[in-house]
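> Need a 3D model of the sequence below.
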Amino acid sequence: MDCVDAAGVRVTAGELKYPRSRWLSEFLLSEVNPHAKLVEVRVTPGGDEVIVFEVEVEVSQVRVFDIHPRERLAVLFRAQDDLTPEVLALRKDFPYVPHVNPRDVEIPRSLCLYEENFDELKVAWTPARFVERARWWLCETAKGTLHGEDQPLEPILLGNFPPLIMSVDLLSSLVSTDAPQPLAIEMRGDSGHELYVANPGHPATGLAAIAFIAPPHADGAIRVQPGNLKRLSEILKEVGLDIIEQLRQRLSEWELPGSLLNAPPILLIILRKQRRASEAVETIETWAFLLSKTIGDLGVALGILQRYGSSYGRVLNGQTDDGLIEATFLAILNPTFSLSRSLAARLNGTTAQTLKITAIGLGALGSQVVNHLVRAGFGIWTGVDDDILFPHNAAKHQLGQRDIGRLKVRAMQTHLNGIMDDCAMPTIVDTNMLHSGAKESELRDALSNAEAILDFSANLSVARKLAYYDATGKRRCSVFLNPSGSDLVLLCEDQDRKSRLDWLEFQYYRELVNNDSLKSHFHWEHGRIRYARSCRDLTSDIPQGLIAMHSGIASQALQRTLVRPEAVVRIWHSDSIMNVQCHDVDALPVMDLEIQEWRICTDRRFLSALRKYRRMKLPKETGGVVIGSFDEERRIAYLVDVLPSPPDSEEWPTLYIRGTHGLADAVKQAACRTDNQLQYMGEWHSHPEGYGTKPSGDDKKVFEWLAELAARDCNPPIMLIVGQKDVRIFLGSIETWVSLKK
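Take a look at the predicted model:
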């Protein structure tokens with residue numbers, strides 16, 4: 001076996017100082033592993049301790065790579081305990097294979113035995129495991145199975161290089177032109193952690209960028225680290241890119257100003273990589289090389305230009321000077337693309353969405369939800385809010401102390417637009433949804449131009465106004481927390497707005513009344529905290545942890561909801577140990593009925609309950625009370641739920657007298673569970689088979705009683721008669737009614 005000598009001078013095993021090198025040499029000398037044998041021990045002038053040993057490798061007669069049955073390896077241990085020991089294959093003709101580390105010299109080759117960081121490996125590192133890892137690596141390499149089909153292709157360069165942050169748009173612009181482009185590079189970061197940021201919008205800092213695209217190729221990693229342009233040229237020729245010839249051609253054609261001729265170039269090399277030569281391009285990799293010479297001096301080295309004082313002139317039939325090319329040193333930069341909407345979505349495991357969304361209310365919950373969605377590449381946003389940020393807001397708001405005194409919407413716009421290259425919130429309206437005043441036109445544009453409107457205001461009046469604001473507009477959603485912050489609520493209209501936001505609200509209330517696991521939804525043991533002297537200077541004491549948890553849930557839910565057509569009523573309830581249970585409610589379309597100046601809103605579930613209770617008591621008549629709410633401003637009566645006949649009622653085939661046992665408590669419970677949003681609305685009773693829903697004399701007397709009762713609260717009386725074929729609803733008077741057929 002023809003091998004190169006390992007670095008350093010020979011010493012005895014007893015002269016070794018580092019624990020791992022001593023441990024490995026002792027293990028090899030013990031011959032516990034019959035397939036490994038110590039050859040020699042060395043120490044380099046720099047203090048590295050080198051263990052040279054041979055291993056037997058299980059190889060078949062047919063091999064993808066020429067790995068021999070016996071290979072000689074050298075392991076370099078360094079004084080720094082956190083550095084991975086370097087493993088070198090000493091055979092002179094050891095093949096170029098996947099998973100080798102580039103070095104300044106190609107032979108001996110540096111084997112990449114591990115993917116993990118050595119800080120993780122050294123916890124379980126032993127000489128026995130190390131030797132067997134080396135034997136396994138050689139065996140798998142011989143079979144060609146070391147790099148699995150499910151693994152990504154190897155990077156063209158291996159190592160830690162300073163990042164160059166640049167936008168995809170900048171790279172596309174450079175690719176679209178052959179000419180060099182002025183480029184501003186800003187160094188950022190702390191000492192030892194610097195990175196370079198390309199800012200095309202800033203004044204150039206004396207650099208020029210030139211892009212090159214290599215043909216598709218199936219080669220692995222670069223075998224050596226290129227330290228100069230000549231070596232880089234030799235490497236790129238192996239992947240089909242003649243960088244010297246391309247530079248000669250371009251410099252021959254360019255008419256460059258002096259500012260660019262005197263600028264050092266950054267060569268951006270785009271490599272299109274295949275797994276196999278016959279297959280499609282699988283990955284695209286970009287590398288940047290900052291040259292030590294200016295473009296003008298590079299032209300001189302290429303025989304294209306000649307320097308005259310501080311300027312350059314063209315040369316006819318000039319020749320490339322290999323010495324000057326080799327003396328053109330380079331620094332390797334690792335281009336990393338800045339965050340775009342599409343990249344943000346991909347990093348979040350989703351697809352970018354450019355849905356136009358108007359967000360009303362950027363308080364604690366709204367600011368965090370919108371922040372999550374922007375970071376997920378979801379939406380192009382318009383913000384609507386007129387609040388300013390106070391010191392106490394920073395405890396739970398996405399913004400912090402540096403924005404105190406600023407409008408929340410303006411500060412959030414700055415914050416969101418700084419997350420990525422794409423503009424996240426191009427438009428804001430600093431107004432109140434309920435009192436827009438001079439900003440009404442801007443508000444109307446913000447709402448009418450949106451594809452979805454999200455209400456984070458937690459203000460009932462805002463949600464009610466949104467339900468009827470510009471009735472032809474796009475869907476609206478409300479997202480809010482209950483008073484204690486334990487529960488999150490999402491109400492979202494369908495795309496056709498058949499389930500309107502106000503009716504979704506009342507379906508949510510109906511769920512609270514009928515779902516015992518949500519009976520404490522509006523129960524709030526704590527009070528509020530006064531942050532200033534005014535009687536209105538109060539804020540809630542909901543923990544930030546709950547807001548953070550629910551804002552994450554809301555952002556995930558909105559990403560799914562807003563790209564689907566159906567309406568959503570959903571409640572997430574968390575308990576004291578942060579278990580979260582989701583309650584989905586059937587979001588039914590609203591049924592709108594007009595009676596004189598009033599509108600009645602209800603749905604099929606309400607009607608189904610009436611018919612169910614009627615069927616249960618046939619052939620007798622039955623009845624109960626209606627639970628719902630009045631919106632006096634818009635003259636709407638919401639018929640939400642029904643309570644069945646109390647047990648002390650008198651029920652006959654042609655007569656019904658409603659009892660009272662437990663009824664007051666049931667109505668009170670409905671009000672309590674919904675924070676007084678549901679109340680007693682009126683009465684309902686059934687008619688037997690064979691009778692219609694025309695009111696009898698007794699029914700008229702009941703309605704007169706209802707009218708007197710309702711007048712005390714300045715509300716219209718409501719009575720329902722449920723028949724075999726229809727439900728008749730009376731509102732205001734016994735003569736004004738509408739009928740709903742089955």
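
> Next up, phi/psi of the nearest residue to residue 244 once chain neighbours are set aside, please.
Using C-beta to C-beta, 6 or more residues apart in numbering and skipping residues adjacent in sequence, the residue nearest residue 244 is residue 233, 4.9 Å away. (Glycine included, C-beta is placed from N, CA and C.) Dihedral pair for residue 233: phi -60, psi -40, per degrees, to the nearest 10.

> just residue 416 next, same as before
Dihedral pair for residue 416: phi -70, psi -40, per degrees, to the nearest 10.

> close enough to count as contact, it and residue 426?
No. Using C-beta atoms under 8 Å as the test, residue 416 is too far from residue 426 to be in contact (10.0 Å).

> got any residues that touch both of the two?
residue 381 (C-beta atoms under 8 Å, 6 or more residues apart in numbering).

> pLDDT value on residue 538, please?
At residue 538, the model reports a pLDDT of 43.

> thinking residue 581 is in contact with residue 515, fair?
No. Look at residue 581 against residue 515 with C-beta under 8 Å: they stay out of range, at 10.6 Å.

> Could you check which of these two is surrounded by more residues?
Ranked by neighbour count (other C-beta atoms under 10 Å), residue 581 and residue 515 place residue 515 first, with 15 against 12.

> and that one, what does it touch?
Counting by C-beta under 8 Å, 6+ apart, residue 515 has contacts residue 583.

> hmm, try it at 10 Å
By C-beta atoms under 10 Å, 6 or more residues apart in numbering, residue 515 lies in contact with 521, 571, 573, 583, 585, 673.

> and of these, the nearest to residue 183?
residue 571 (52.9 Å; C-beta to C-beta).

> My read is that that closest one contacts residue 508, right?
Yes. The criterion here is C-beta atoms under 10 Å, and residue 571 meets it with residue 508 at 7.0 Å.

> so what sits against both of these two?
Joint contacts of residue 571 and residue 508 (C-beta under 10 Å, 6+ apart) are 489, 490, 491, 518, 521, 583, 585.

> Who wins on neighbours among those residues?
Most neighbours among these, by other C-beta under 10 Å: residue 491, with 26 neighbours.

> how close does that one get to residue 476?
Using C-beta to C-beta, to the nearest Å, residue 491 is found at 9 Å from residue 476.

> try residue 31
Distance, residue 31 to residue 476, by C-beta to C-beta: 78 Å.

> who's more crowded, these two?
When residue 31 and residue 476 are compared for neighbours, residue 476 comes out ahead with 26 against 11, by other C-beta under 10 Å.

> what about residue 381, neighbour count?
26.

> the more surrounded of residue 416 and residue 426?
residue 416 (23 against 14).

> so how far is residue 339 from the more buried one?
12 Å.

> Quick check: buried residues in stretch 131-151?
Residues 131, 134, 135, 137, 138, 139, 140, 141, 142, 146, 147 are the ones in stretch 131-151 that count as buried (16 or more other C-beta atoms under 10 Å).

> What is the nearest of those residues to residue 606?
residue 147 (64.4 Å).

> Give the residue spans of the stretch 1-150 of the chain that score low on pLDDT.
For the stretch 1-150 of the chain, the stretches flagged by pLDDT under 70 are 81-82, 147-150.

> quick one: contacts for the closest residue to residue 374 other than its chain neighbours?
Among residues not flanking residue 374 along the chain, residue 424 sits closest, at 4.4 Å (C-beta to C-beta, 6+ apart). Under the criterion of C-beta under 10 Å, 6+ apart, the contact list for residue 424 reads 341, 344, 370-371, 373-375, 377-381, 412-413, 415-418.

> List only those of those residues flagged as buried.
For those, buried by 16+ other C-beta under 10 Å: 341, 344, 370-371, 373-375, 377-381, 412-413, 415-417.

> Leaving out sequence neighbours, find the closest residue to residue 140.
residue 146 (4.0 Å).

> Isn't that neighbour up against residue 65?
Yes. Counting by C-beta under 10 Å, residue 146 touches residue 65, with 8.9 Å between them.

> which neighbours do these two share?
97, 98, 138, 140.

> Just want the phi and psi numbers for residue 623.
phi -180, psi -170.

> Could you list the domains of this protein?
9-143, 163-338, 343-585, 592-741 (automatic domain parsing).

> Worst mean pLDDT among those?
Mean pLDDT is lowest for domain 163-338 out of these, coming in at a mean of 82.

> I'd say residue 41 and residue 14 touch.
Yes. Applying C-beta under 10 Å, one finds residue 41 in contact with residue 14, separated by 9.2 Å.

> which residue packs closest to residue 582, ignoring adjacent ones?
For residue 582, the spatially nearest residue (C-beta to C-beta, 6+ apart) is residue 572, at 5.3 Å.

> Next secondary structure element downstream of whichever helix or strand that neighbour is part of?
Element membership for residue 572, per DSSP states H and E: strand 568-574. Of the helices and strands lying after strand 568-574 in sequence (DSSP H and E), the nearest is strand 580-585.

> Show me what counts as buried in the helix or strand following that following strand.
Toward the C-terminus, strand 580-585 is succeeded by strand 591-595 as the next helix or strand (DSSP H and E). Under the neighbour-count criterion of 16+ other C-beta under 10 Å, strand 591-595 has 591, 593, 595 buried.

> do stretch 28-36 as well
For stretch 28-36, by 16+ other C-beta under 10 Å, it's 28, 33, 36.

> Could I get the CA-only coordinates of that stretch as PDB?
The C-alpha trace of stretch 28-36 is given here as PDB (Å, rounded to 0.1, in the frame of the first residue of the first chain):
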ATOM      1  CA  LEU A  28      -5.200  -0.300  19.500                       C
ATOM      2  CA  LEU A  29      -2.100  -1.700  21.300                       C
ATOM      3  CA  SER A  30      -4.400  -4.000  23.300                       C
ATOM      4  CA  GLU A  31      -5.700  -5.600  20.000                       C
ATOM      5  CA  VAL A  32      -9.100  -6.000  21.500                       C
ATOM      6  CA  ASN A  33     -10.400  -5.300  18.100                       C
ATOM      7  CA  PRO A  34      -8.700  -7.800  15.700                       C
ATOM      8  CA  HIS A  35      -9.600  -5.600  12.700                       C
ATOM      9  CA  ALA A  36      -7.500  -2.600  13.800                       C
END
